[in-house]
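Peer 1: show me the folded form of this:
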Amino acid sequence: MRHPGNERLSPDIFSKGPVSPGLPSLLPLDGRKSLSVASGRSALAKGLDSLPKDLLSGRAWLPSLCCPSIADPFLRQGLRLFFYSSPESTPLPHFLPGDVFLYIHFCGFPNRAAEAALKAIPVTERPFIIEDCVHALFTPGVGMFGDFILYSFRKFLPVPDGGLLISRFPLDPKLAPPLESFISCKVLGSLTGDRSLLRRGEDLLDGDDEARAPSETGRFLLERTEWKDIPPRRRYNACRLSNLIGISLPDEGESVPLGIPFRVERGKDELERRIRAAGFETPLSWDCPPGAPDDEASRTVVLPCGEELEEADLREIAAIVNSTPGQIFFI
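Peer 2: Numbers count the residues shown, from 1 in each chain. Now for the predicted structure:
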């Protein structure tokens, strides 16, 4: 793999001092409670643990396009899952008092449609709102609306773990210990480029639903990771790649994308296969969560726009996309 995304870790980082300012200090706390956690999934699990159980209806609403692993913490709480389509095209469902609603700033693009639809509901009739900012670590203007805000660092940075939960409710600081077997696989895999170790680490994480504390290894690496050049470079690459494909991105000057989401009406498999065969990695590739009303995930491809990509790389990716059969458009 010529461009494995953010999974390569330079040994030089271990001899560096901490970077100032640190990344977590820039996130929008705004006087709310916060807790450092191992991942976005840990943040979600801890947030659900913090909800007042006597006020819950037993129902949770998830977007049809989401990672299947998001469902597990809800199911662990005994909540029944329901799915909703994009508020841009379909009205939000009728909520019962005590429902839980999760929305995602997908690929780092602010989900203003969901926020506008929720704002139209009187405050006393709104569900408990979980705002997923895992894809929007560097995107300004997000992380201010939900009752719980989820952040993760490893989608953008070469760190094995690390995340943040922001809450309008009190948070119990008790967390399970770090999953050290996962941390070892990810750090060794990132240092050596051994993709079997990286896959083994992800397999270990997939089977874990605990709300965990961040590891000391993750803290150490996060404190020493240079990140200031990442947002402008990703914005530039996303806009440049979109221009090469002939599509304009929304909010081009502000969002810091995880990747560029496209829908391929004939399905994503062929385009993803060709991108990987050329030596690039897609930032994410989701399966449809069980019970979702449609298979939107099977038609969604997320194109890479990482800060490591150069002009020749962007042109190569664009050529692959432009030569792929089937209708392709930004979602």
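Peer 1: residue 46 in helix, strand or coil?
Peer 2: What DSSP: H, G, I helix; E, B strand; the rest coil gives for residue 46 is helix.
Peer 1: burial count for it?
Peer 2: Neighbourhood size, residue 46 [other C-beta atoms under 10 Å]: 27. Placement of C-beta: from N, CA and C, glycine included.
Peer 1: so it sits against residue 36, correct?
Peer 2: No: if you go by C-beta atoms under 8 Å, residue 46 and residue 36 don't touch, sitting 10.5 Å apart.
Peer 1: show me where the stretch 1-150 of the chain has its strands.
Peer 2: Taking DSSP state E, counting those that start in this stretch, the strands of the stretch 1-150 of the chain run over residues 33-37, 59-63, 80-84, 100-104, 128-132, 148-152.
Peer 1: ok, which of those strands comes nearest residue 264?
Peer 2: When those are ranked by proximity to residue 264, the top entry is strand 59-63, at 19.1 Å, counting by C-beta to C-beta.
Peer 1: who does the closest one pair up with?
Peer 2: Next to strand 59-63 in the sheet, as set by DSSP bridges, lie strand 80-84 (parallel), strand 100-104 (parallel).
Peer 1: report the rounded mean pLDDT for that strand.
Peer 2: Strand 59-63 shows a mean pLDDT of 97.
Peer 1: stretch 33-48 now?
Peer 2: 96.
Peer 1: ok, stretch 186-196 next?
Peer 2: 90.
Peer 1: do stretch 241-259 as well
Peer 2: Stretch 241-259 comes out at a mean pLDDT of 85.
Peer 1: and stretch 207-219, which residues are buried?
Peer 2: 208, 209, 210, 211, 212, 213, 214, 215, 217, 218, 219 (16 or more other C-beta atoms under 10 Å).
Peer 1: could you redo these as a markdown table and give each row distance to residue 274?
Peer 2: As requested, the buried residues of stretch 207-219 are exported to a markdown table (distance: C-beta to C-beta, whole Å):
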| residue | distance to residue 274 |
| --- | --- |
| 208 | 33 |
| 209 | 34 |
| 210 | 38 |
| 211 | 39 |
| 212 | 37 |
| 213 | 40 |
| 214 | 37 |
| 215 | 36 |
| 217 | 36 |
| 218 | 34 |
| 219 | 39 |
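Peer 1: minimum distance to residue 26: which of the strands of the stretch 1-150 of the chain has it?
Peer 2: The nearest among those, by C-beta to C-beta, is strand 148-152 at 10.8 Å.
Peer 1: what's the most buried one of the strands of the stretch 1-150 of the chain?
Peer 2: strand 148-152 (a mean of 27; mean count of other C-beta atoms under 10 Å).
Peer 1: so what touches it?
Peer 2: For strand 148-152, contacts defined as C-beta atoms under 8 Å, 6 or more residues apart in numbering pick out 27-28, 32, 39-41, 43-44, 47, 50, 128-134, 137, 143, 162-169.
Peer 1: in helices, which of these appear?
Peer 2: 40, 41, 43, 44, 47, 50 (DSSP state H).
Peer 1: what is the nearest of those residues to residue 61?
Peer 2: Taking the ones in helices among the contacts of strand 148-152 together and measuring to residue 61 by C-beta to C-beta, the closest member is residue 44, at 14.0 Å.
Peer 1: and the gap between that closest one and residue 13?
Peer 2: 28 Å (C-beta to C-beta, to the nearest Å).
Peer 1: between the two, who's got more neighbours?
Peer 2: Just comparing residue 44 and residue 13: by other C-beta under 10 Å the higher neighbour count belongs to residue 44, 27 against 16.
Peer 1: how long is stretch 131-143 from one end to the other?
Peer 2: 7 Å (C-alpha to C-alpha, to the nearest Å).
Peer 1: any buried residues in stretch 88-105, and which?
Peer 2: 92, 95, 98, 99, 100, 101, 102, 103, 104, 105.
Peer 1: can you name the two of those residues that sit furthest apart?
Peer 2: 98 and 105 (24.6 Å).
Peer 1: so residue 121 touches residue 95, yeah?
Peer 2: Yes: using C-beta under 8 Å, residue 121 makes contact with residue 95 at a distance of 7.3 Å.
Peer 1: ok, residue 106 - contacts?
Peer 2: Residue 106 sits next to 65, 135, 261 when contact means C-beta under 8 Å, 6+ apart.
Peer 1: hmm, try it at 6 Å
Peer 2: With contacts defined as C-beta atoms under 6 Å, 6 or more residues apart in numbering, residue 106 has no neighbours.
Peer 1: one more: the one 5 residues further on?
Peer 2: With contact set as C-beta under 6 Å, 6+ apart, residue 111 has these partners: 103, 105.
Peer 1: wait, which of the strands of the stretch 1-150 of the chain is closest to residue 239?
Peer 2: strand 100-104 (21.8 Å).
Peer 1: quick one: the closest one to chain centroid distance?
Peer 2: 13 Å (C-alpha atoms, centre = their mean, to the nearest Å).
Peer 1: tilt between that strand and strand 148-152?
Peer 2: Angle, strand 100-104 to strand 148-152, by axes from the mean of the first three to the mean of the last three C-alpha atoms, to 10 degrees: 40 degrees.
Peer 1: can you give me the angle strand 100-104 makes with strand 128-132?
Peer 2: 20 degrees.
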